[in-house]
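Participant: sequence and predicted structure below; questions after.
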Amino acid sequence: MNSDRVKRPNILYIFSDQHAARVMGCAGDTAADTPNLDRLANEGTRFTRAYCPSPVCLPARMSMLTGKMPYEQSCWTNDDILDSAIPTWLHGLGATGYQPALVGRMHSLGPDQMRGYVQRPIGDHSPTWPGVHRRSLGVLNNTNSPLVDSITKSGVGQSSYQVMDQDILAQSLSFLKNYADSDRAEPFCLSVSFMLPHAPYVANQEDFDAVKDAVQPPSQPQAPNNEHPWIRTWREAKEISATSTEDVMRARRGYYGLVRQLDRHIGSLLSVLDDNDLANDTLVVYVSDHGDHIGERGLFWKHTFFEESINVPLIMRWPDRIPAGAEQHQPVSTGSLGNTILSLVGALELPNASMRSFADLLDGQAVAPLKETPIFIEHCTDDLPSWAEGYSVQQRAVIWGRYKLVYYHSYPMQLFDLQDDPLERIDLIDNPKFEELKAELLNLILLHWSPEKIAAKIE
């Protein structure tokens with residue numbers, strides 16, 4: 001193996017949809033049957049405080065491609081088109097000699113369906129052009145959206161998302177086996193982007209039965225008496241306050257069953273690396289776009305700044321280069337992940353990206369105080385999709401060490417101490433002890449971000 005080959009590993013980038021960070025055995029969830037993710041964490045480094053740039057699919061994914069926040073590239077909603085002039089980390093890899101391939105979901109709207117990839121044998125589940133109708137899920141129609149149907153129509157069954165993921169897996173395994181049979185002259189870069197465990201909360205019988213007895217009720221099953229007014233508005237708009245305990249538990253079991261199926265797919269990918277002597281030369285990354293409440297606080301889906309919605313799994317493995325069995329507790333943004341990969345493989349970071357590499361956290365030497373790296377999350381929407389009507393408001397949060405400040409335009413702010421109050425039950429916003437901290441965090445939020453300007457652009 002020559003020195004250039006060591007500097008440029010294979011890259012296997014595994015991407016899921018709506019996987020909450022806590023729903024893994026390696027994260028301490030005894031109901032989560034995830035032996036392959038647990039193994040990956042044991043052989044690599046798990047980031048316990050990885051946060052998405054937005055708790056909505058498209059804005060989070062576009063930020064992860066470019067290293068820019070949603071406001072910096074006008075991608076706030078699932079209806080926005082990323083400017084093709086903005087480079088992605090895949091373009092950066094291409095400039096280094098990789099030929100990036102994507103199998104599966106990207107959720108990029110508009111004519112550019114490559115974004116720096118040079119191969120894409122399987123695309124998105126539904127058409128990705130503005131104005132077209134999404135592909136129907138048949139009897140499960142509407143269960144993939146934040147609507148109460150996704151909870152009441154949960155349980156045992158099969159959705160087209162599961163079928164698509166089986167196709168994604170088969171195509172990805174074929175790619176890896178073909179590479180293994182080649183001369184391996186150049187390293188590969190393969191992104192495998194699954195639909196699971198995104199709702200519908202419908203799992204096959206085997207996976208549902210395997211987890212049903214282990215899955216527990218939500219630790220916070222009801223909304224607090226002092227619920228934030230925007231959260232209350234969202235809850236009422238979604239009509240989920242009267243959801244039965246039976247429905248909640250069935251949906252939770254369906255979700256855990258989907259995670260089990262996803263983990264099995266990941267295991268198949270890792271096995272191909274093992275069986276073909278590729279594991280030691282491959283950087284493996286596992287990440288999701290955002291989380292899911294799955295009944296916590298009486299909420300489902302994402303869309304909020306609670307940890308269930310914005311804290312995502314992030315595991316990175318590269319034998320002899322990334323510490324094995326390590327946990328990194330410093331907050332990071334998944335918007336920085338592309339630049340981190342570029343840095344690890346010796347490529348130049350994207351020149352105008354605001355979210356820089358955190359590769360130094362993977363060398364086991366970083367000791368920077370947590371508060372030195374503020375992490376931002378945005379949620380700005382319009383009333384275009386039916387599920388968003390009546391709750392449009394510009395929101396932004398900053399996580400700075402142990403504290404999280406959430407700003408809602410025209411609503412009260414929230415402040416949480418994630419160290420002393422990890423379940424976010426105690427809002428400190430009116431506590432006079434935190435006036436100075438609140439002002440400091442608010443200044444960070446509003447430094448380059450204007451809710452008025454954003455509202456004017458997306459209306």
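Facilitator: Perfect, I can see it now. A quick note: this is a predicted structure, and the numbers were derived from the prediction, not measured. Numbering: from 1, shown residues only.
Participant: from here on, just use CA atoms for contacts and neighbour counts.
Facilitator: Noted.
Participant: verify the contact between P374 and W400 for me.
Facilitator: Yes - under the criterion of CA atoms under 8 Å, P374 makes contact with W400 at 4.7 Å.
Participant: name the residues contacting each of the two.
Facilitator: Common contacts of P374 and W400 (CA atoms under 8 Å, 6 or more residues apart in numbering): none found.
Participant: what pLDDT is listed against the residue nearest to the spatial centre of the chain?
Facilitator: Nearest residue to the geometric centre of the chain (CA atoms, centre = their mean): D289, 1.9 Å. pLDDT, D289: 94.
Participant: what's the answer for M114, then?
Facilitator: Reported pLDDT for M114: 74.
Participant: so it versus L348, what's the distance?
Facilitator: 20 Å (CA to CA, to the nearest Å).
Participant: same deal with Y286?
Facilitator: Distance, Y286 to L348, by CA to CA: 22 Å.
Participant: same question for H293.
Facilitator: Taking CA to CA, one finds H293 at 37 Å from L348.
Participant: with G295 instead?
Facilitator: 42 Å.
Participant: looking at the two, which is more packed in?
Facilitator: Ranked by neighbour count (other CA atoms under 10 Å), G295 and L348 place G295 first, with 25 against 16.
Participant: quick check: that one touching P218?
Facilitator: Yes - G295 is within contact range of P218, at 5.9 Å (criterion: CA under 8 Å).
Participant: now do the strands in the stretch 351-459 of the chain.
Facilitator: 375-379, 395-400, 403-408, 414-417 (DSSP state E, counting those that start in this stretch).
Participant: out of those strands, which gets nearest to D83?
Facilitator: Minimum separation from D83 across these (CA to CA) falls at strand 375-379, 18.8 Å.
Participant: which residues touch the closest one?
Facilitator: With CA under 8 Å, 6+ apart, strand 375-379 has contacts from 51-56, 69-70, 76, 303-305, 331-333, 394-400, 445.
Participant: what's the angle from it to strand 403-408?
Facilitator: Using axes from the mean of the first three to the mean of the last three CA atoms, to 10 degrees, the inter-axis angle of strand 375-379 relative to strand 403-408 is 20 degrees.
Participant: starting at the chain centroid, how far to strand 375-379?
Facilitator: 13 Å (CA atoms, centre = their mean, to the nearest Å).
Participant: ok, stretch 207-219 next?
Facilitator: That offset, for stretch 207-219, works out to 22 Å (CA atoms, centre = their mean).
Participant: likewise for stretch 225-233?
Facilitator: On CA atoms, centre = their mean, the centre of stretch 225-233 falls 25 Å from that of its chain.
Participant: helices and strands of the chain: which one bottoms out on pLDDT?
Facilitator: Least confident element among the helices and strands of the chain, by mean pLDDT, DSSP states H and E: helix 3-7 (a mean of 47).
Participant: list the buried ones in the helix or strand following that one?
Facilitator: Downstream of helix 3-7, the first helix or strand assigned by DSSP states H and E is strand 10-16. Across strand 10-16, burial judged by 16 or more other CA atoms under 10 Å covers N10, I11, L12, Y13, I14, F15, S16.
Participant: redo the residues you listed as CSV? Include pLDDT and distance to C189.
Facilitator: Converted to CSV, those look like this (pLDDT from 0 to 100; distance: CA to CA, whole Å):
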residue, pLDDT, distance to C189
N10, 98, 6
I11, 99, 5
L12, 99, 6
Y13, 98, 8
I14, 99, 11
F15, 97, 13
S16, 98, 17
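Participant: closest one to G97 out of the residues you listed, please.
Facilitator: N10 (11.6 Å).
Participant: surely that closest one is in contact with D281?
Facilitator: Yes - contact criterion CA under 8 Å: N10 and D281 qualify, at 6.1 Å.
Participant: now the helices: where do they sit in the stretch 351-459 of the chain?
Facilitator: 435-446, 451-458 (DSSP state H, counting those that start in this stretch).
Participant: with the chain instead?
Facilitator: 3-7, 35-43, 57-66, 70-73, 89-96, 149-152, 160-180, 205-211, 229-238, 245-275, 307-310, 337-344, 435-446, 451-458 (DSSP state H).
Participant: what sits closest to S160 if chain neighbours are left out?
Facilitator: L137 (6.7 Å; CA to CA, 6 or more residues apart in numbering).
Participant: from what I can see the one you found touches S159, true?
Facilitator: Yes - shown here, L137 and S159 form a contact pair, counting by CA under 8 Å, at 7.2 Å.
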